[in-house]
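Colleague: Sequence and predicted structure are below.
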Amino acid sequence: MGNPYEILGVAKNSSDADIKKAYHKLVMKHHPDKNPGDKSAEEKFKEINNAFDILKDPQKRAAYDQFGDAAFSGGNGASAGAGFGGNPFEGMGGGAFRFNMGGGNMEDVIREAMRNFGFGGMDDFGPSRQSRAEASHAGRDLLHEVVISLKEAFTGKIETIKFSSNVKCEKCGGHGTADAKPAPVCKTCGGSGVVRQRRGLFAMESACPDCAGLGRKISKKCAACDGMGVQNQRREIKVEIPAGVQDGARLRLRGQGEAGILGAPSGDFFVDVHIRPDPRFERADNDLLTRAAVPYPTLALGGDIEIETIDDKKLSVKIPSGTQVGTRMRIRGRGFPGGDLFVEIGTEVPTKLTDKQKKALEEFAGTGGKKKRGFFN
């Protein structure tokens, strides 16, 4: 059947909007009405529609990417194709029979089945044909990842993100028309972008020949966006990362994704937050753990030490006499919101001692310069 990416002249990683744009251009160029009597143009038109039928459907596109032509050819590849939204009725009369059990809710499944078996009038089940067409032109969701420090996760921050995506065309206001006014709904397809033909028991669906699948009849296109209502531009948005955010959290900015074609809804913008390890603190839920090296005399006699908190403030901690190495002291309310700060006590063993210090330690150990015994004997 041919490589659908090559047929439409797009790269394998092209966005939905780029695929639709390439499709609409080719459909208008090879439409039989513009090439009367040209059999090659008619065949090319069918080939373009078949290619777009695969790439516009996420499941069919995934199936082709994984299995190639075998995803839709039956035989060894038939089960794989069907599992990804392929055509389980391939070879029963041709055409674009669509019966996709691979996704959507039960209402979608029933509506699709009723339409394919010739029972129209199912729009009362849900959205109108026009609104479903707008949904098919909706902009993609976008995903961005940010990496922040543990301190920034504690305090929160404003992250500036720069990227490129399709935005509403400023010249036509997203309408795709030269006069910047909404184009009338296509009368042939009623705004759905598709026309249906019945062949016996089955109904087949293809792109509307009058509007090239757009759902609106544009007589004169906007020169800036070529009638698509969107342009690719550099963008910059500011994302508020809340204080206390967890590692792996996903933030959602509604309507900040890619702009939809011809005024269709924009997608959403998602931000995945990752937190770098901190050399001073470890996090467990909302609690924090830090370690403090306390001089041995302070452990034995007691005293106060000073530590730094996650937000670089100084905090005095009282060490009781006889505190053991490895003890964890709890300071309530000094972790993340709702959590505590734990201080694990350690000590430093000096590597160089003066004669006076050595003598004091020997006296403490009870050696008195005599036969050496264990340090604490």
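Modeller: Yep, that arrived.
Colleague: Was I right to think residue 307 contacts residue 344?
Modeller: No - using Cβ atoms under 8 Å as the test, residue 307 is too far from residue 344 to be in contact (11.0 Å). (C-beta placed from N, C-alpha, C; glycine too.)
Colleague: Among those two, which residue is more densely surrounded?
Modeller: Counted by other Cβ atoms under 10 Å, residue 307 and residue 344 do not tie: residue 307 has more neighbours, with 18 against 14.
Colleague: On the three-state scheme, that one is what?
Modeller: strand (DSSP: H, G, I helix; E, B strand; the rest coil).
Colleague: Can you name the residues bridging to it?
Modeller: residue 315 (DSSP bridges).
Colleague: Please tell me the pLDDT value assigned to it.
Modeller: pLDDT recorded at residue 307 is 94.
Colleague: returning to that earlier point: quick check: neighbours shared by residue 307 and residue 344?
Modeller: The contact sets of residue 307 and residue 344 overlap at 290, 292 (Cβ atoms under 8 Å, 6 or more residues apart in numbering).
Colleague: got the CA coordinates for stretch 160-179 in PDB?
Modeller: Output of stretch 160-179 as PDB, limited to C-alpha atoms (Å, rounded to 0.1, in the frame of the first residue of the first chain):
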ATOM      1  CA  THR A 160      10.800  30.100  32.400                       C
ATOM      2  CA  ILE A 161      10.400  27.600  29.600                       C
ATOM      3  CA  LYS A 162      11.200  28.400  26.000                       C
ATOM      4  CA  PHE A 163      10.100  26.200  23.100                       C
ATOM      5  CA  SER A 164       8.500  26.200  19.600                       C
ATOM      6  CA  SER A 165       5.000  25.200  18.700                       C
ATOM      7  CA  ASN A 166       2.000  26.000  16.600                       C
ATOM      8  CA  VAL A 167       0.100  29.100  17.700                       C
ATOM      9  CA  LYS A 168      -3.000  30.800  16.500                       C
ATOM     10  CA  CYS A 169      -2.200  32.800  13.300                       C
ATOM     11  CA  GLU A 170      -2.200  36.500  14.200                       C
ATOM     12  CA  LYS A 171      -3.100  37.700  10.700                       C
ATOM     13  CA  CYS A 172      -6.300  35.700  10.400                       C
ATOM     14  CA  GLY A 173      -7.100  35.200  14.000                       C
ATOM     15  CA  GLY A 174      -6.900  31.400  13.600                       C
ATOM     16  CA  HIS A 175      -9.700  31.300  10.900                       C
ATOM     17  CA  GLY A 176      -7.400  30.500   8.000                       C
ATOM     18  CA  THR A 177      -9.200  33.100   5.800                       C
ATOM     19  CA  ALA A 178      -7.800  36.000   3.900                       C
ATOM     20  CA  ASP A 179     -10.400  38.400   5.400                       C
END
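Colleague: tell me which residues in it are buried?
Modeller: For stretch 160-179, a neighbour-count test (16 or more other Cβ atoms under 10 Å) marks 161, 165-169, 172, 174-178 as buried.
Colleague: now do stretch 316-323
Modeller: Buried residues in stretch 316-323 (16+ other Cβ under 10 Å): 317, 319, 323.
Colleague: Equivalent analysis for stretch 222-235, please.
Modeller: Quick answer for stretch 222-235 (16+ other Cβ under 10 Å): 222, 225, 227-231, 235.
Colleague: Point to the residue nearest the middle of the chain.
Modeller: residue 143 (3.6 Å; Cα atoms, centre = their mean).
Colleague: Tell me if I am right that that residue is in a strand.
Modeller: Yes - applying three-state DSSP, one finds residue 143 inside a strand.
Colleague: what sits opposite the nearest residue to it once chain neighbours are set aside in the beta ladder?
Modeller: Leaving aside its sequence neighbours, residue 143 sits nearest to residue 270 (Cβ to Cβ, 6 or more residues apart in numbering; 4.7 Å). On the basis of DSSP bridges, residue 270 is bridged to residue 143, residue 252.
Colleague: Would you list the phi and psi of residue 282?
Modeller: phi -120, psi 150 (degrees, to the nearest 10).
Colleague: That one and residue 151, how far apart?
Modeller: For residue 282, the distance to residue 151 (Cβ to Cβ, to the nearest Å) stands at 13 Å.
Colleague: which of those two has more neighbours?
Modeller: Using other Cβ under 10 Å, the more surrounded residue of residue 282 and residue 151 is residue 151, with 17 against 14.
Colleague: Ignoring the adjacent residues along the chain, who's closest to that one?
Modeller: Using Cβ to Cβ, 6+ apart, the closest residue to residue 151 is residue 310 (5.8 Å).
Colleague: Let me see the contact set for that neighbour.
Modeller: 150-151, 154, 278, 280-281, 288, 341.
Colleague: repeat for residue 221
Modeller: Contacts of residue 221 by Cβ under 8 Å, 6+ apart are 176-178, 227.
Colleague: Among these, which one sits closest to residue 254?
Modeller: residue 176 (23.9 Å; Cβ to Cβ).
Colleague: wait, that closest one sits on residue 224?
Modeller: No - using Cβ under 8 Å, residue 176 makes no contact with residue 224, being 9.7 Å away.
Colleague: Any chance you could list residues touching both of these two?
Modeller: residue 169.
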